[in-house]
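1. need a 3D model of the sequence below.
(one chain, ligands or ions: 2)
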Amino acid sequence: MRSAIKRELIGASEKFKAVMEQVDLVAPADCSVLIQGETGTGKEVIARALHGRSRRSNGPFVTLNCAAIPAGLLESELFGHERGAFTGALSQTMGRFQLAHNGTLFLDEIGDLPVELQPKLLRALQEQEFERLGSTQTIRVDVRIVAATNQNLEQMVNERRFRTDLYYRLNVFPIVLPPLRERIEDIPFLVHHFVQEFSRRMNKTIDEIPEHVIDMLCLHDWPGNIRELQNLIERAVVMTEGRILRPPMIERPTSPSGNSSKPVRTLADAERIHITETLRKTNWVVGGRSGAAAQLGLPRTTLIARMRKLGISREALKPTPIWCGSRQAEGMRFEDGRRALARAAAV
Ligand SMILES: Nc1ncnc2c1ncn2[C@@H]1O[C@H](COP(=O)(O)OP(=O)(O)OP(=O)(O)O)[C@@H](O)[C@H]1O
Ligand SMILES: [Mg+2]
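-> Residues are numbered from 1 along each chain as shown. Ligands and ions are numbered 1, 2, ... in the order given. Sure, this is the predicted structure:
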């Protein structure tokens, strides 16, 4: 049987720590929480963490993805229906609100909730009561709502596509998840975590991740965020035969500000050229004693951040995506990863 990937929360960046502080703060408060963030940033895992750290943790965690269910069926999914309430309603069915009694109801993709259903959800939130479709009997529940979206709900409110009153009711405590490209310090920890998890699942022993691979991953923009990184590492683990992680194939990182062949006009141009030259001399090794960061007198993460900002990458100077780096490059031992993970776990 395919074992599931552990839903552990990994991260050590200041931004991630700030999110976890908010989770700890609001979990026991029992109020509604609205989680916003790009796709793959971890909205669902954060919702589960909120539930797990709340006084409802022994109760159910029920999810409803408002985008995955046809609009016509959503009301019945939320509140349930009586037998014969509509064509095809062959038996009485409980809705997710009732299933989540004494627990948490996670309303995913809340921006896709049809406008006509929004007043009903608002009432259920405010009064903690509702009726099944086709019934006049009022059902009372005790449910905490955590909602999530990757849409801009405030803008939807301005465009009258989302009700203001429901928005404020859900947005009692907002949590905004930063995209992965804004917390690159988390990437090494996530990579180690996923390599460990996928090797375990595939019965492989991979105990070395070349440092230049980590650097390359830190330079990518990650539009699909943590899910994209996870999928890439899964692919890399599948393709790895020995104990050293095979560098994953990655699309050319987006370069926000061109490449180093531009004429020198600005201070940024000069900086780009100097950094690129140093990288060429070190054969694109960023970290370590003889790497570019040390030669430029910068911490490794600072150099990577500068490279991202200036659009410097080895791939940006080449016409097509490549398999990055060689297997001989300086390795990041698994022990380093374990220590790093232990620090992250202390968050
Ligand atoms: N901090 C984290 N540590 C480890 N894994 C994480 C973390 N955050 C997210 N993940 C993993 O990344 C994947 C995407 O997370 P999740 O499904 O929660 O994202 P999402 O924001 O709900 O995405 P979508 O908007 O596409 O629904 C999951 O496999 C999840 O386990
Ligand atoms: Mg999700």
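2. starting at the chain centroid, how far to whichever strand or helix holds Cys218?
-> Assigned by DSSP states H and E, Cys218 belongs to helix 211-219. Here helix 211-219 is found 19 Å from its chain centre; the criterion is Cα atoms, centre = their mean, to the nearest Å.
3. export that helix as PDB, just CAs?
-> Output of helix 211-219 as PDB, limited to C-alpha atoms (Å, rounded to 0.1, in the frame of the first residue of the first chain):
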ATOM      1  CA  GLU A 211      24.600  21.800  -1.900                       C
ATOM      2  CA  HIS A 212      24.500  23.200  -5.400                       C
ATOM      3  CA  VAL A 213      21.200  21.400  -5.900                       C
ATOM      4  CA  ILE A 214      19.800  23.300  -2.900                       C
ATOM      5  CA  ASP A 215      21.200  26.500  -4.300                       C
ATOM      6  CA  MET A 216      19.600  25.900  -7.600                       C
ATOM      7  CA  LEU A 217      16.300  25.200  -5.900                       C
ATOM      8  CA  CYS A 218      16.600  28.400  -3.900                       C
ATOM      9  CA  LEU A 219      16.800  30.300  -7.200                       C
END
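4. buried ones in stretch 12-30?
-> Ala12, Ser13, Phe16, Val19, Gln22, Val23, Val26, Ala27 (16 or more other Cβ atoms under 10 Å). To be clear about C-beta, it is placed using only N, CA and C from the backbone, and glycine gets the same treatment.
5. grab the nearest non-local neighbour of Thr205.
-> Here the nearest residue to Thr205 in space, its sequence neighbours aside, is Arg243; by Cβ to Cβ, 6 or more residues apart in numbering that works out to 5.7 Å.
6. out of the buried residues of stretch 12-30, list just those in helices.
-> Counting by DSSP state H, the part of the buried residues of stretch 12-30 found in helices is Phe16, Val19, Gln22, Val23, Val26.
7. per-residue confidence at the first one?
-> It stands for Phe16. Note on Phe16: pLDDT of 96.
8. give me the distance between whichever residue of the stretch 101-250 of the chain sits closest to ligand 2 and Val213.
-> Proximity of the stretch 101-250 of the chain to ligand 2 (Cβ to the ion) peaks at Asp108, 5.3 Å away. Computed as Cβ to Cβ, to the nearest Å, the Asp108 to Val213 distance reads 33 Å.
9. compare neighbour counts for the two and give me the winner.
-> For Asp108 versus Val213, neighbours defined as other Cβ atoms under 10 Å are more numerous around Val213 (24 against 20).
10. not counting its neighbours along the chain, what's nearest the more buried one?
-> Leaving out its chain neighbours, the residue that sits closest to Val213 by Cβ to Cβ, 6+ apart is Pro247, at 4.8 Å.
11. where does the one you found land in three-state SS?
-> Assigned with DSSP: H, G, I helix; E, B strand; the rest coil, Pro247 falls in the coil class.
12. look at it and report its pLDDT.
-> We have a pLDDT of 83 for Pro247.
13. thinking it is in contact with Pro210, fair?
-> Yes: under the criterion of Cβ atoms under 8 Å, Pro247 makes contact with Pro210 at 6.8 Å.
14. quick check: the two most widely separated of the ones in helices among the buried residues of stretch 12-30?
-> Taking Cβ to Cβ, the two most distant members of those are Phe16 and Val26; they sit 16.0 Å apart.
15. in this structure, which helix or strand is least confident?
-> For the chain, using mean pLDDT, DSSP states H and E, the weakest element among its helices and strands is strand 331-333, scoring a mean of 37.
16. picking up where we left off before, burial check on the residue nearest to Thr205, number of neighbours?
-> Counted with other Cβ under 10 Å, the neighbours of Arg243 add up to 12.
17. can you give me the strands for the stretch 1-150 of the chain?
-> Secondary structure of the stretch 1-150 of the chain (DSSP state E, counting those that start in this stretch): strands at 33-37, 61-65, 80-81, 93-94, 104-108, 129-131, 138-140, 144-149.
18. in CSV: the ones in helices among the buried residues of stretch 12-30, plus distance to Ala85.
-> CSV is the format used below for these (distance: Cβ to Cβ, whole Å):
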residue, distance to Ala85
Phe16, 45
Val19, 41
Gln22, 40
Val23, 38
Val26, 36
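19. which of these are close to ligand 2?
-> The subset of these within reach of ligand 2, counting by Cβ under 5 Å from the ion, is empty.
20. around ligand 2, pick out the residues from this protein.
-> Residues of the chain lying near ligand 2 (Cβ under 5 Å from the ion): Lys43, Glu44.
21. what's near enough to touch the one residue in the chain that gets nearest to ligand 1?
-> With Cβ to the nearest ligand atom as the measure, Gly42 is the residue of the chain nearest to ligand 1, at 2.7 Å. For Gly42, the contact set (Cβ atoms under 8 Å, 6 or more residues apart in numbering) comprises Leu9, Leu177, Asn225, Ile226.
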